[in-house]
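Student: the following comprises the amino acid sequence and a computationally predicted model.
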Amino acid sequence: MLEHYQQKDRFLQRVNPSLKLGAVLVIIIMMVPVFDPWTPLLLFGVTVALITGLGGVHLRFLGLLLLPFLLFAFSFVWIQVVFPDERGGTILFTIGSLPVSLENVSTGVSLGMRALVFGSWSLLFVLTTEPSRFMLSLIQQCKLPPRFGYGMMAAFRFLPLFRDELRQIRTAHRIRGLGEKRGLRQLKRYFIPLMAGAIRKAERTAVAMESKGFDGSRNRTFYHRIHWNRHDAYFTGLFLLLLTTIWFVSTPWSA
Amino acid sequence: MRQSRTMNLREIVVMAFISAVFGVLYLVWIFLGQLVTGILGPVGGGLMAGFWIMAPIVCALIIQKPGAALFAELIAAGTEIMVGSVNAGSVLILGFTQGIGAELVFAMFRYRHFKLPVLMLAGMAGTTASFLTEFAIYGYSQFAAGVVWFMLGTMLLSGLLLAGWGSHYLTWALEKTGVLHNFAIGRNSRAEKQERGAS
């Protein structure tokens, strides 16, 4: 399902992965001093529009992915109401003997929405970026040492194999009559053989990489080159426009 | 034989594989964490925090070289992003600060001591780093001071137990299988056994 969106030929998919990741980090830092509910609400709306409009992601799918976030976001609201730093003066209603004030609810909603904004921007990156393009861009544009980049890529490609291996270990346990109990001790029974297998595979992979002439030097050639293109310029322009809007809308930045 | 202090390709790839597996486990854990946080609040989430510091401690204990902890956590974060984390941005920032937190402790001991207390300290440093980061990016300054201190307490405890003791337990169990013979942890434990045998 993820690949389906990552490989679509839409605007966001063509933007350089490093640039998109940079934008996500800027948004997170930008939101740090914001405590009013309107800025994150606006930003969240814009982000959802961007993902569906420019990334071709279906709204329903996006909603499904953000669903667990709602619970997480809600925790900020109730914690803020029950244990605020300062209790606000405008009491809306009381639950038992607990006064619920407008100020605390609004701060809680702001913090909860902030978590949702982070989630939506992360999805903007994840849903529109192919893992291999991301890694190549990190190596080519962010000067990540190729040893680490390709090492990570190799490990990532092995992940589906680990899933099969886990199934194998479980079957092997069942054949030997160890049963299907779940618990901390049982966790170790899966973890150790899985990790031991992973380490053996990693050593073999490293030998294979070296024997094929991979020396980790920076002046290497690439089969795929990630170039800067005009989509990056449009994206930067759009992003700056968004930042300026936040700048004027939210109080801590404009004041 | 004196080993070089920079990591070679074999160590990097092994580190990448271990951290990638942890990256996937982290994703499952995030889902669990959000559920627990949603019900118990950030305090309950604090108890789960130590798990996210396991990759750097396991890798540092195995490889025992500068940078192992930081890069392990960055690789785990990178894997989470590639697999498709709904929290990619914060994961990257947190991975960086958590890695630095654990790395600092190992650097303080000049990458020579990897006994349980050092690992526990590294685990606590890692969760402290994640606490400070979350404090900033999720706006914990708006909560009552008591709750925030309590949260730091649970995170420290989690770093001590899950990250410190848990990593120690799992890594030494892994060492017994023999797959780590070619790494610093295996070499050192063999050297120790020889010394004990000679005396």
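Tutor: Cool, the structure landed.
Student: drop to CA atoms for contacts and neighbour counts, all remaining ones
Tutor: Will do.
Student: hmm, stretch B:59-77 in reach of chain A?
Tutor: Yes: Stretch B:59-77 lies within reach of chain A by Cα under 8 Å from any Cα of the partner chain, at B:Ile75.
Student: just how off-centre is that stretch within its chain?
Tutor: The chain centre lies 8 Å from the centre of stretch B:59-77; the measure is Cα atoms, centre = their mean, to the nearest Å.
Student: just the mean pLDDT for it, thanks.
Tutor: Averaging pLDDT along stretch B:59-77 gives 95.
Student: span of that stretch from start to end?
Tutor: 14 Å (Cα to Cα, to the nearest Å).
Student: could you check which residue of chain B lies nearest chain A?
Tutor: Proximity of chain B to chain A (Cα to the nearest Cα) peaks at B:Ala144, 3.9 Å away.
Student: over to the nearest residue to that residue once chain neighbours are set aside: give its phi and psi.
Tutor: Ranked by Cα to Cα, 6 or more residues apart in numbering or on different chains and with sequence neighbours excluded, the top spatial neighbour of B:Ala144 is A:Asp85, at 3.9 Å. When read as degrees, to the nearest 10, the backbone of A:Asp85 gives phi -70, psi -50.
Student: near chain B, which residues of the stretch 101-250 of chain A show up?
Tutor: Taking Cα under 8 Å from any Cα as the contact definition, the stretch 101-250 of chain A meets chain B at A:107, A:111, A:114-115, A:118-123, A:125-127, A:130-131, A:147-148, A:151-152, A:154-156, A:159, A:188, A:192, A:195-196, A:198-200, A:202-203, A:205-207.
Student: what sits against the most centrally placed residue in chain B?
Tutor: In chain B, the C-alpha closest to the average C-alpha coordinate belongs to B:Ile53, at a distance of 2.7 Å (Cα atoms, centre = their mean). Residues in contact with B:Ile53 (Cα atoms under 8 Å, 6 or more residues apart in numbering or on different chains) are B:Glu73, B:Gln98, B:Gly99, B:Ala102, B:Gly123, B:Gly126, B:Thr127, B:Gly159, B:Ala163.
Student: what does A:Val57 give?
Tutor: Contacts of A:Val57 (Cα under 8 Å, 6+ apart): A:Tyr5, A:Ile51, A:Leu127.
Student: tell me which entries of those residues lie within helices.
Tutor: In helices, judged by DSSP state H, the following of the contacts of A:Val57 are found: A:Tyr5, A:Ile51, A:Leu127.
Student: how far out from the middle of the chain is stretch A:108-126?
Tutor: Taking mean C-alpha positions (Cα atoms, centre = their mean), stretch A:108-126 and its chain are 10 Å apart.
Student: swap in stretch A:97-117?
Tutor: Centroid separation for stretch A:97-117 versus its chain: 24 Å, with Cα atoms, centre = their mean.
Student: contact partners of that stretch?
Tutor: Stretch A:97-117 is contacted from outside by A:31, A:35-38, A:40-41, A:43-44, A:47, A:66, A:69-70, A:72-82, A:84, A:87-94, B:138-139, B:142, using Cα under 8 Å, 6+ apart.
Student: among these, which ones are in helices?
Tutor: Here DSSP H is the test, and these give A:31, A:38, A:40-41, A:43-44, A:47, A:66, A:69-70, A:72-82 as lying in helices.
Student: go ahead and build a PyMOL selection from the buried members of the residues of the stretch 101-250 of chain A next to chain B.
Tutor: Of these, the buried ones go into a single PyMOL selection, burial set by 16 or more other Cα atoms under 10 Å in any protein chain shown:
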select buried, chain A and resi 107+111+114+115+118+119+120+121+122+123+125+126+127+130+131+147+148+151+152+154+155+156+159+192+195+196+198+199+202+203+205+206
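Student: other SSEs contacting the helix or strand bottoming out on mean pLDDT in chain B?
Tutor: Least confident helix or strand, chain B: helix B:42-48 with a mean of 78, by mean pLDDT, DSSP states H and E. If contacts are counted by 3 or more Cα pairs under 8 Å, 6 or more residues apart in numbering or on different chains; DSSP states H and E, helix B:42-48 sits against helix B:9-40, helix B:145-158.
Student: can I get those in a markdown table with mean neighbour count?
Tutor: Converted to a markdown table, the helices and strands packed on helix B:42-48 look like this (neighbours: other Cα atoms under 10 Å in any protein chain shown):
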| stretch | mean neighbour count |
| --- | --- |
| helix B:9-40 | 23 |
| helix B:145-158 | 20 |
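Student: can you name the residue of chain A nearest chain B?
Tutor: Using Cα to the nearest Cα, A:Asp85 is the residue of chain A that sits closest to chain B, at 3.9 Å.
Student: was I right to think that residue contacts B:Ala145?
Tutor: Yes: A:Asp85 lies in contact with B:Ala145 (Cα atoms under 8 Å); the separation is 6.6 Å.
Student: returning to that earlier point: just how off-centre is the least confident helix or strand of chain B within its chain?
Tutor: Helix B:42-48 has its C-alpha centroid displaced from the chain centroid by 17 Å (Cα atoms, centre = their mean).
Student: still on that earlier bit, separate out the buried members of the contacts of stretch A:97-117.
Tutor: Buried among the contacts of stretch A:97-117 by 16+ other Cα under 10 Å: A:31, A:35-38, A:40-41, A:43-44, A:47, A:66, A:69-70, A:72-82, A:84, A:87, B:138-139, B:142.
Student: what does the pLDDT read for B:Leu92?
Tutor: In this model, B:Leu92 is scored at 93, pLDDT.
Student: quick one: which of the contacts of B:Ile53 is most hemmed in?
Tutor: Most neighbours among these, by other Cα atoms under 10 Å in any protein chain shown: B:Gly123, with 38 neighbours.
Student: in terms of helices and strands, where is that one?
Tutor: Applying DSSP states H and E as the criterion places B:Gly123 in helix B:116-137.
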